[in-house]
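>>> Turn this into a model:
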Amino acid sequence: MAKLKISINSIFEGQTPSYAFGAPGQFQTSIGVDPDMPLTDDTTDLKTGGAIRPVNYTAFSSTNVTSHPVAVITTPKNTNVYTVLANGKLISYNSSLASETLIGTVSGGVASHAVYYNNYIYITTPTNVSRYGPLDGTPALVDSVWTGATLGSLTALTNTTYPTTLLSVSYPNHFMTTHVDGCAYILDYANGKGMVHKISTKKVTAEGDTNGTTIASAYNILDLPFNYMPMSISSFGNDLVLAASFTTNSTVIQGKAALFFFNPADTTPSFYRTVNLPDAVCTGLKYINGTLYGLSGDLAGGYRLWRYIGGDTVEMLKIIESGNPPLPQTVEAIGNRIVWAADTTFPITTSGIYGYGSKSDLFPRGLHHCAVTTF
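Here you go, the predicted model:
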């Protein structure tokens, strides 16, 4: 009897783009398998394993986690891990992800997103901004610093209803980022126009405690053409790029998403380039090692990973047809690897983490579902 020999030489090439066709070394699908992980769980084993290694994660939170996180933050001021929940809670953990501590809850009990900036954790709420700090002193959670005197008594943010994704979780209507110019930026949408606001602080008593004077915090430093709803923003060298979408409905494609590039150092910033995308929404941007990556797709499900290659062109890298476009705050980088949290419905319905490439970038750049929740 003839014997059939099946040889698996590598899985670094990752998942195939179709059901029945793929390049050599690719496979149809996987759940929670990461060749970038070490072969063992030994704390001294740090080398990439390159094997079919199952990976899963478990919850470390306790009773204070009563809603989904909108941000997980580390800072250069201490070794704590801070988590902001959608119901406005700010929670801290130690470096071992233990000692869960409820620091406080923002006014109104709703948070959209949060970032670390200049010795403080800034939290966007439906119409305002709260902050916690100074982290190198005696920190306190203070509300309404955006409309209050702290940042210059600026115009309130607008609580626009954004599209929802899996489990009725909304995409954040006030996503934030920090930039190499020493400022933080907030997205907003009001009266049919997308906007970008700026936070700029300086040191008087503590680092970052006072509104900037040379460059002050400002409302609406950039607005978009009508009906473009901004969903994500990222650095692009010294410039910034934001992704905005016409479509807010999961049934009808109302228009295609676009990228808007601008220089925040301009006296009156205006976008100098618009790049139209092939998908209805773009929910994630990440700038890694000189390359801008994006995740765009359809609110009804299915999305793509691409990279911007210049001019008016993005190059498609991978397609994920099972699941929803990820939330912008879940897109991160580990070395040269881009990772994001997402749901999937094939071959099972679960949540987990996707990864593209390897942290060293010395292996083929495959797409892997590299971690899964405990069943």
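>>> Hmm, N128 and V142 touching each other?
No. Applying C-beta atoms under 8 Å as the test, V142 and N128 come out as separate, 10.9 Å apart. Backbone N, C-alpha and C define where each C-beta goes, glycine included.
>>> Those two: who's more crowded?
N128 (21 against 17; other C-beta atoms under 10 Å).
>>> Next one, pLDDT for the more buried one please.
pLDDT, N128: 98.
>>> next one: Q28
83.
>>> L90 too?
98.
>>> List the strands paired with the helix or strand containing it, with their directions.
Here L90, judged by DSSP states H and E, is contained in strand 89-93. Within its sheet, strand 89-93 is paired with strand 81-85 (antiparallel), strand 101-105 (antiparallel), according to DSSP bridges.
>>> so where is this structure shaky, pLDDT-wise?
1-2, 5-7, 166, 374-375 (pLDDT under 70).
>>> can you list the domains in it?
Under the assignment automatic domain parsing, the domains of the chain span 10-15+23-54+335-375, 61-325.
>>> so how far is T75 from S95?
12 Å (C-beta to C-beta, to the nearest Å).
>>> more neighbours, the two?
When neighbours are counted by other C-beta under 10 Å, S95 and T75 differ, and T75 comes out ahead with 17 against 11.
>>> From N119, how far out is the residue nearest the centre of the chain?
By C-alpha atoms, centre = their mean, the chain has its centre lying nearest to Q329, at 2.6 Å. Separation of Q329 from N119 (C-beta to C-beta) stands at 21 Å.
>>> cool, T66 as well?
28 Å.
>>> Which of these two has more residues huddled nearby?
Legend: neighbour count by other C-beta under 10 Å for T66 and N119, higher for N119 (21 against 10).
>>> ok now do the more buried one, which residues does it touch?
With contacts defined as C-beta atoms under 8 Å, 6 or more residues apart in numbering, the neighbours of N119 are 77, 133-136, 206-209.
>>> Highest neighbour count among the residues you listed?
Going by other C-beta under 10 Å, G133 tops the contacts of N119 with 24 neighbours.
>>> Thought Y120 was touching that residue, still the case?
Yes. Contact criterion C-beta under 8 Å: G133 and Y120 qualify, at 3.3 Å.
>>> where do the contact lists of these two overlap?
Common neighbours of G133 and Y120 (C-beta under 8 Å, 6+ apart) are G208.
>>> Point out the most buried one among the strands paired with strand 89-93.
Among the strands paired with strand 89-93, the stretch with the highest mean neighbour count (mean count of other C-beta atoms under 10 Å) is strand 81-85, at a mean of 22.
>>> coming back round to it: among the contacts of N119, which are located in strands?
Judged by DSSP state E, strands contain the following of the contacts of N119: G133.
>>> Which of the contacts of N119 fall within helices?
Using DSSP state H, no member of those falls in helices.
>>> which among the contacts of N119 gets closest to L367?
K77 (35.8 Å; C-beta to C-beta).
>>> which ones are touching the closest one?
Here K77 is in contact with 119, 135-136 (C-beta under 8 Å, 6+ apart).
>>> Serialize those to a markdown table and add fields for distance to C183.
As requested, the contacts of K77 are exported to a markdown table (distance: C-beta to C-beta, whole Å):
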| residue | distance to C183 |
| --- | --- |
| N119 | 14 |
| L135 | 18 |
| D136 | 20 |
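>>> Tell me the one of those residues nearest A371?
L135 (29.5 Å).
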